[in-house]
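Student: just coords:
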């Protein structure tokens, strides 16, 4: 087998992948340069993780929308729903009002406005609705909006941006309140008012059709061909089936789990998880952010706990979007003792968030002790098992809610984002949590992304077994290497 060629600094990994979520940082020095925002690294980046690096397709759509609807010195951010756009507006207002936040203080979101762009035709499947909510804001507040984008994982995906941009350029979109009379239902995409006709014409950057299996490969770019050929898509009108398949795959894997590796006792796993207990989100952070929001709605303004040193943005969600956060960063038994003292003093918390194991320190909290405290003091345990994954770790005996990034091992193909939240039916607060989640859940997972995620994850369990074998082999190698200590 020929060796895989090294990717250049800043290139997408894999190369020629339009919607890649990984970037080449080929040396230790380039990794340090990226973390320290050094220009020689960041200026060469043509790809990156979507919450930190806004994809060029999204940037291009932002520019087109700003050209058409923006005002002088405004910038914009794009979201899939009115509720998320409003949450961004509220976040900007709250952060801009903090002491030391700058001279421009907002009150009730003034100077930040939202418009809704939508096709004039209410389409039926298999044609997805082309719409986007645009948050316009002064350029000086853009870094704050980027915080919201990064922490919540609620921004639009690059595939959604391609679809919307194509519709915008061809004149199908207009501001909602200015939409024309609806046309006959036979036209799947109705053109907007003629005053937006400057956007008409073919798209040079979004040649891929939504129904990929019917696309003609003539005249398409190399990156589009790779996306279509090696993405191995389902039909676009199978979006709901794809989402159901993902949920079934997650629930089924959680029941089987370690039995895929070695036989276990019948009592070792929660024996029944319904796909109805699995909720899908556009990213892992979106799953965490929405779980946090759900618990705040259910239990009111109470402090939450971050147990152990976590992935950065989880802590930021608890600190910036909540009602106070107790951060116990060591995640050891001494921290359990401290938490027990806090609870015994009478302080109430609504939830504890932790990772099993933690990213990046790979520490595993004492879930049994935490579960005992949760039962005694009536709070929720939310476990992020992304690093361990559904096959390798079984945390449902201790967790009320399980959150995960599907972007990593579950997908395994570095070309799509996704997240999940599983509500444990064996826990005492299941009925309350499940009822509110079902009532308030908004499906913002873009259909094309779900299609790619479904296809990528078909060999998830077998890949985990190969990863385990490779990890064992590497560990054995490093143990024999004197310079690795």
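Tutor: That came in fine, so what should we check first? Bear in mind that the values here come from a model prediction, so they are computed numbers and not experimental data.

Student: touching, residue 34 and residue 44? I think so.
Tutor: No. Using CB atoms under 8 Å, residue 34 is not in contact with residue 44, being 10.1 Å away. Where C-beta positions appear, they are placed from N, C-alpha and C, glycine not excepted.

Student: ok, those two, which is more surrounded?
Tutor: residue 34 (18 against 15; other CB atoms under 10 Å).

Student: tell me which element that one falls in.
Tutor: helix 28-35 (DSSP states H and E).

Student: what residues does that helix touch?
Tutor: By CB atoms under 8 Å, 6 or more residues apart in numbering, the residues outside helix 28-35 that reach it are 9, 25, 40-42, 45.

Student: would you check that residue 154 makes contact with residue 83?
Tutor: No. Applying CB under 8 Å as the test, residue 154 and residue 83 come out as separate, 9.4 Å apart.

Student: these two - which one has more neighbours?
Tutor: residue 154 (24 against 15).

Student: any idea which element the nearest residue to that one once chain neighbours are set aside lies in?
Tutor: Leaving aside its sequence neighbours, residue 154 sits nearest to residue 84 (CB to CB, 6 or more residues apart in numbering; 4.7 Å). For residue 84, the element it lies in under DSSP H and E is helix 82-96.

Student: next: residue 374.
Tutor: Going by DSSP H and E, residue 374 is in helix 367-377.

Student: which residues touch the following helix or strand past that helix?
Tutor: Once the chain leaves helix 367-377, the next helix or strand it forms, by DSSP H and E, is strand 380-384. If you take CB under 8 Å, 6+ apart as the criterion, strand 380-384 is touched by 284, 288, 291, 295, 299, 310-311, 314, 350-356, 367, 370-371, 374, 395, 398-405, 429, 433.

Student: now, the residues you listed that are in helices?
Tutor: Secondary structure from DSSP state H places 284, 288, 291, 295, 299, 314, 367, 370-371, 374, 433 of the contacts of strand 380-384 in helices.

Student: pull out the buried residues from the residues you listed.
Tutor: 284, 288, 291, 295, 299, 314, 367, 370-371, 374, 433 (16 or more other CB atoms under 10 Å).

Student: which one is residue 444 nearest to, not counting chain neighbours?
Tutor: Closest to residue 444 by CB to CB, 6+ apart is residue 80, at 4.5 Å.

Student: contacts only, for that neighbour.
Tutor: By CB under 8 Å, 6+ apart, the contact set of residue 80 is 132-133, 154, 156, 160, 282, 444, 446.

Student: after the strand or helix carrying residue 147, which helix or strand is next?
Tutor: Taking DSSP H and E as the definition, residue 147 sits inside helix 142-152. Reading on from helix 142-152 to the C-terminus, the next helix or strand found by DSSP H and E is helix 158-169.

Student: which strands and helices sit next to that next one?
Tutor: helix 56-69, strand 113-119, strand 131-138, helix 447-456 (3 or more CB pairs under 8 Å, 6 or more residues apart in numbering; DSSP states H and E).

Student: centre of the chain to the following helix or strand past that helix, how far?
Tutor: Next along the chain after helix 158-169, taking DSSP H and E as the criterion, comes strand 173-175. Here the centre of strand 173-175 is set off from its chain's centre by 27 Å, with CA atoms, centre = their mean, to the nearest Å.

Student: neighbouring strands for strand 173-175, and are they parallel or not?
Tutor: The sheet places strand 173-175 alongside strand 113-119 (antiparallel), with pairing taken from DSSP bridges.

Student: tell me the mean pLDDT for the helix holding residue 34?
Tutor: The average pLDDT within helix 28-35 is 93.

Student: ok, now stretch 285-297?
Tutor: 97.

Student: next, count neighbours for residue 251.
Tutor: 19.

Student: how much space between it and residue 464?
Tutor: Relative to residue 464, residue 251 is positioned 16 Å away (criterion: CB to CB, to the nearest Å).

Student: can you name the residues in contact with stretch 329-344?
Tutor: Counting by CB under 8 Å, 6+ apart, residues outside stretch 329-344 touching it are 305-309, 326, 328, 349, 352, 354, 358, 363, 365-366, 369-370, 373, 376-377.

Student: can you pull the buried residues of that stretch?
Tutor: Those would be 331, 335-336, 339-340, 342-343, for stretch 329-344 by 16+ other CB under 10 Å.

Student: check which helix or strand covers the closest residue to residue 275 other than its chain neighbours.
Tutor: Sequence neighbours aside, residue 247 is the residue nearest to residue 275 in space, at 4.0 Å (criterion: CB to CB, 6+ apart). Using DSSP H and E, residue 247 maps to helix 239-256.

Student: contacts for that helix next, please.
Tutor: 125-126, 128, 234, 260, 269-278, 280, 390-391, 394, 396, 402, 406, 410, 418, 420, 422, 443, 445, 447-448, 450-451, 453-454, 457-458, 460-461.

Student: of the residues you listed, grab the buried ones for PyMOL.
Tutor: Restricted to buried positions by 16+ other CB under 10 Å, the PyMOL selection for these reads:
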select buried, resi 128+234+269+270+273+275+277+278+280+390+391+394+396+402+406+410+418+420+422+443+445+447+448+450+451+453+454+457+460+461
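
Student: let's see which of the contacts of helix 239-256 end up in helices.
Tutor: Applying DSSP H to the contacts of helix 239-256, the entries found in helices are 390-391, 447-448, 450-451, 453-454, 460-461.

Student: want to throw those into CSV with pLDDT?
Tutor: Output for the ones in helices among the contacts of helix 239-256, formatted as CSV (pLDDT from 0 to 100):
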residue, pLDDT
390, 89
391, 91
447, 93
448, 92
450, 95
451, 94
453, 96
454, 95
460, 93
461, 92
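
Student: coming back round to it: which one of the buried residues of stretch 329-344 is nearest residue 176?
Tutor: residue 331 (47.1 Å; CB to CB).

Student: and the closest residue to that closest one other than its chain neighbours, what's its pLDDT?
Tutor: In space, and not counting its chain neighbours, residue 331 is closest to residue 308: 2.7 Å by CB to CB, 6+ apart. pLDDT, residue 308: 96.

Student: offset the numbering so it begins at 45, please.
Tutor: Sure thing, new numbering starts at 45, so read that last one as residue 352.

Student: any idea how far residue 352 lies from residue 133?
Tutor: 33 Å.

Student: and what of residue 380?
Tutor: Residue 380 sits 39 Å away from residue 133, going by CB to CB.

Student: just residue 437 next, same as before
Tutor: 38 Å.

Student: looking at those two now, which is surrounded by more residues?
Tutor: Higher neighbour count among residue 437 and residue 133: residue 133, with 23 against 18, using other CB under 10 Å.

Student: give the other helices and strands that the helix or strand encompassing residue 512 contacts.
Tutor: Using DSSP H and E, residue 512 sits within helix 504-523. Secondary-structure packing of helix 504-523 (3+ CB pairs under 8 Å, 6+ apart): helix 283-300, helix 433-436.

Student: list the buried ones in it?
Tutor: 504-505, 507-508.

Student: nearest to residue 139 among these?
Tutor: residue 504 (37.9 Å).

Student: wait, doesn't the closest one sit right on residue 457?
Tutor: No. The criterion here is CB under 8 Å, and residue 504 misses it with residue 457 at 10.7 Å.

Student: that'll do, ta.
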